[in-house]
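A.B. asks: quick one, fold the following:
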Amino acid sequence: MRTDSSPGNLPAREHLPAGNAGTPVLDVVIPVYNEEKDLQPCVMRLHEHLKRTFPYEFRITIADNASTDATPQVAAQLDVEIPEVRAFRLEQKGRGRALRTVWSASDAPILAYMDVDLSTDLNALLPLVAPLISGHSDLAIGSRLARSSRVVRGAKREFISRTYNLILRGSLQARFSDAQCGFKAIRRDVAQVLLPLVEDTGWFFDTEMLVLAERAGLRIHEVPVDWVDDPDSTVHIVKTATDDLKGVWRVGRALATGSLPLDRLARPFGDDPRDRELTDVPKGLARQLVGFCVVGALSTLVYLLLYSGFRTFSGSQVANALALLVSAVANTAANRRLTFGVRGRGGAVRHQAQGLVVFGIGLALTSGSLAALNAATTDPGHSTELAVLIAANLAATVLRFLLFRAWVFPDRRDETPSPVVAGHHPASPTYSTAAPQQYQSYQGHQGHEHPPLPQVPYDTDQFRAGEAADRTYGDATMQLEAVRPYDDDPNPRNAR
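C.D. replies: Predicted structure coming up:
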C-alpha cells in the first residue's frame, strides 16, 4: 500500500445556480420492491408537495429492483402520466444497489431518497436538501433520534434502532445519530467519488456510506424529522440486523487496516476562498498537539514505571536507557496512528527507525541530565532523580514533536500531486448517453418517452464498486489508489 498521499479531488462547495434549464436540481429516488399498493399514493403525494413547495426543478425516480407483483406496471403508468417522474427497473434486489445505480447515473446535482411508505413528514425535505444546495454540507440525513424529533413507533423498533446506533458509536466511532432513517441526500460530486467505495448493496448501504463520509471529514447535516412507523413494513429484522453486524465488522476492519482511500474525499482547507489565499498555515496543528500531549503523558507514565522497575536491578543509566527504548517504540507507534493519522504497514519500519533517532536525542538529554545530577551530588535521592528526568523529558518531548512533525511524518501535500480521479466541475458536466446495462427505462405509450439517465463516465477499470459484494453487479468504474485514510482531519497529513 502506498503511504504517500494526494490532494482531495473534491472542489470547495459552492451554492448551486438557481436557473439550469432542462436539468433538475433535485433527483428523489424511491427504491421499491413489491410495493404495488403504496407506490402510486406515495409518488402522487411527493409530486404534489414538491410542485407546491420546492423552488427548483426536480425529478422523481422510481427504482424498481426486481419486483414480482404489479409494481412495474404502476411505475410505468406514473412515468407516462407525470412529466417529472421516471421509472427504471433493475433485475436484482437490494436497496443499496438501486440507489447506487440511479445515483451514479443521475445528472442532478442533489441526489436524495426516501422510503415508499412516506413515514417521514415531507415538510423536512426542503430543510434536508437546502444545506446541500447552499454549499454548506456534503450529505444530509433525517434523524428520528434528535431531541426535537417527533416519532411514533413501537417499543421494539425503538429499542432496535437505538441499540444499533449505540453499536455504531462504540465500534466505528460514528457521530451521526440515526443511520437507518430512510430519508437522506447527497451532493452529486461527492457521490461520484464516495459511492464506488461502498460495497454493500442492501440495507447496510446507508450506514457504510455515512461512516466513510464521516471518516473522510465530509460534513453531514442532520435534520430532526417527524416520523410515524409503518405497521405493514416488510423489513426482516433478524436478517437485516445480522447483515448490518457483518457490515460493521467489514467496515471496521477496512478502516483499521487503512485499505480505503478516503483522502480522495477531502475538501480543500477551509471552503472559503479567503482561506485558499493563506500560505504557510499549519494544517491540523491543534489536533496534533492534543493527540501528541495525550500520547506523551501516557508514554511518560509508562517510562517512569519501567524506570522504577529496571532501577531495582540496574544502575540509573541502564534503567533509563531500557525504559526510554521501550517507551519510545510504543510512543512512535501511538503517534503514528493517533496523532498523525498514518494507517497501514507501509513505511512503519522506516518510521520506527526515525523514531529511534529521535529516541537517541532524548536519551542524550536525559542521560546528560542524570550525569549532571550525579556530578552535583554523590548520592541523589530517587525522587530527585525522577524530578530531573521529568524536566529532561519535557524538553525532549517538545523536540520530539517538532522532529515528528517536520521529519518523521512531514506534510507533503504541496509536492507533485497524483492524477485527479473522477474530477467534476458543476459548471461543465460531461456525460455519455448510453444507459447502464443494469437497468432499463420504462417507455410511455402516449408519446411520453424518457431518455435514459446519462451515465457518469469513469476513466479506467482499476476499481469496480459492488464486485466485492456479489461479483455479479458491475458498476461504473474509476481508478483509485490505495492510500492512507484519515479519521478526524479533513486535510490529510502525508507520510512518505
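A.B. asks: next, F176: secondary structure please.
C.D. replies: Assigned with DSSP: H, G, I helix; E, B strand; the rest coil, F176 falls in the coil class.
A.B. asks: same deal with V116?
C.D. replies: Under three-state DSSP, V116 comes out as coil.
A.B. asks: how about the helices in the stretch 301-450 of the chain?
C.D. replies: 316-334, 348-376, 382-403 (DSSP state H, counting those that start in this stretch).
A.B. asks: just say which of those helices is most tucked in.
C.D. replies: Highest mean neighbour count of these: helix 316-334, a mean of 19 (counted as mean count of other CB atoms under 10 Å). (Each C-beta comes from the backbone N, C-alpha and C, glycine too.)
A.B. asks: could you export it as CSV, CA atoms only?
C.D. replies: Coordinates of the C-alpha atoms in helix 316-334 are reproduced here as CSV (Å, rounded to 0.1, in the frame of the first residue of the first chain):
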residue,chain,number,x,y,z
SER,A,316,20.3,4.6,36.7
GLN,A,317,21.9,5.0,33.3
VAL,A,318,21.0,1.4,32.2
ALA,A,319,17.5,1.7,33.7
ASN,A,320,17.0,5.0,31.9
ALA,A,321,18.2,3.6,28.5
LEU,A,322,16.0,0.5,28.7
ALA,A,323,12.9,2.4,29.9
LEU,A,324,13.3,5.0,27.3
LEU,A,325,13.9,2.5,24.5
VAL,A,326,10.7,0.5,25.2
SER,A,327,8.5,3.6,25.7
ALA,A,328,10.0,5.3,22.6
VAL,A,329,8.9,2.4,20.4
ALA,A,330,5.4,2.5,21.8
ASN,A,331,5.4,6.3,21.6
THR,A,332,6.3,6.3,17.9
ALA,A,333,3.6,3.7,17.1
ALA,A,334,0.9,5.6,19.0
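A.B. asks: oh, and call the first residue 725 from now on, that's how I've got it
C.D. replies: Taking 725 as the first residue, the last one we looked at is helix 1040-1058.
A.B. asks: that one to helix 1106-1127, inter-axis angle?
C.D. replies: Angle, helix 1040-1058 to helix 1106-1127, by axes from the mean of the first three to the mean of the last three CA atoms, to 10 degrees: 40 degrees.
A.B. asks: which strands and helices lie in contact with helix 1040-1058?
C.D. replies: Identification of packing neighbours for helix 1040-1058 by 3 or more CB pairs under 8 Å, 6 or more residues apart in numbering; DSSP states H and E yields helix 1009-1035, helix 1072-1100, helix 1106-1127.
A.B. asks: redo the helices of the stretch 1025-1174 of the chain as TSV? Include distance to A937 and mean pLDDT.
C.D. replies: Converted to TSV, the helices of the stretch 1025-1174 of the chain look like this (distance: least, CB to CB, whole Å; pLDDT from 0 to 100):
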stretch	distance to A937	mean pLDDT
helix 1040-1058	27	85
helix 1072-1100	27	83
helix 1106-1127	31	81
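A.B. asks: now those helices in CSV, with distance to R977?
C.D. replies: Shown next, in CSV, are these (distance: least, CB to CB, whole Å):
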stretch, distance to R977
helix 1040-1058, 19
helix 1072-1100, 18
helix 1106-1127, 31
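A.B. asks: which one of those lies closest to D831?
C.D. replies: helix 1072-1100 (44.0 Å; CB to CB).
A.B. asks: for that closest one, name the packing helices and strands.
C.D. replies: Against helix 1072-1100 (3+ CB pairs under 8 Å, 6+ apart) you get helix 1040-1058, helix 1106-1127.
A.B. asks: so who does the nearest residue to D902 once chain neighbours are set aside touch?
C.D. replies: Once flanking residues are discounted, D902 sits nearest to S867: 4.1 Å by CB to CB, 6 or more residues apart in numbering. Shown in contact with S867 (CB atoms under 8 Å, 6 or more residues apart in numbering): 873, 900-902, 905, 946-949.
A.B. asks: what's opposite S867 in the beta bridge?
C.D. replies: P948 (DSSP bridges).
A.B. asks: quick check: the gap between it and A940.
C.D. replies: 20 Å (CB to CB, to the nearest Å).
A.B. asks: what does V1122 give?
C.D. replies: Counting by CB to CB - V1122 and A940 are separated by 32 Å.
A.B. asks: could you do H773 as well?
C.D. replies: H773 is 32 Å from A940, by CB to CB.
A.B. asks: buried ones in stretch 1025-1040, by neighbour count?
C.D. replies: 1027-1028, 1030-1031, 1034-1035, 1040 (16 or more other CB atoms under 10 Å).
A.B. asks: now the helices: where do they sit in the stretch 875-1024 of the chain?
C.D. replies: Under DSSP H, counting those that start in this stretch, the stretch 875-1024 of the chain gives helices at 879-896, 912-918, 929-939, 961-981, 1009-1035.
A.B. asks: my guess is V947 contacts N847. True?
C.D. replies: No - here V947 does not reach N847: they are 10.2 Å apart, not a contact under CB atoms under 8 Å.
A.B. asks: of these two, who's got more company?
C.D. replies: The neighbour comparison of V947 against N847 (other CB atoms under 10 Å) goes to V947, with 24 against 11.
A.B. asks: tell me who's in contact with that one.
C.D. replies: Contacts of V947 by CB under 8 Å, 6+ apart are 848, 851-852, 864-867, 907.
A.B. asks: of those residues, buried ones?
C.D. replies: 848, 852, 864-867, 907.
A.B. asks: in strands, which of those residues fall?
C.D. replies: Within those, residues falling in strands by DSSP state E are 864-867, 907.
A.B. asks: N889: which of the contacts of V947 is nearest?
C.D. replies: S867 (9.7 Å).
A.B. asks: doesn't A870 belong to a helix?
C.D. replies: No - assessed with three-state DSSP, A870 is coil; it does not lie in a helix.
A.B. asks: that one against E946, yeah?
C.D. replies: Yes - if you go by CB under 8 Å, A870 and E946 touch, sitting 6.4 Å apart.
A.B. asks: quick check: neighbours shared by these two?
C.D. replies: Going by CB under 8 Å, 6+ apart, residues that sit against A870 and also against E946 are 901-902.
A.B. asks: okay, these two: which has more neighbours?
C.D. replies: Neighbours around A870 and E946, counted as other CB under 10 Å, are more numerous at E946. The numbers are 21 against 15.
A.B. asks: ok, the more buried one to E938 distance?
C.D. replies: E946 is 12 Å from E938, by CB to CB.
A.B. asks: what do you get for E882?
C.D. replies: 24 Å.
A.B. asks: neighbour count: those two, which is higher?
C.D. replies: E938 (21 against 14).
A.B. asks: isn't that one up against R893?
C.D. replies: No - using CB under 8 Å, E938 makes no contact with R893, being 11.4 Å away.
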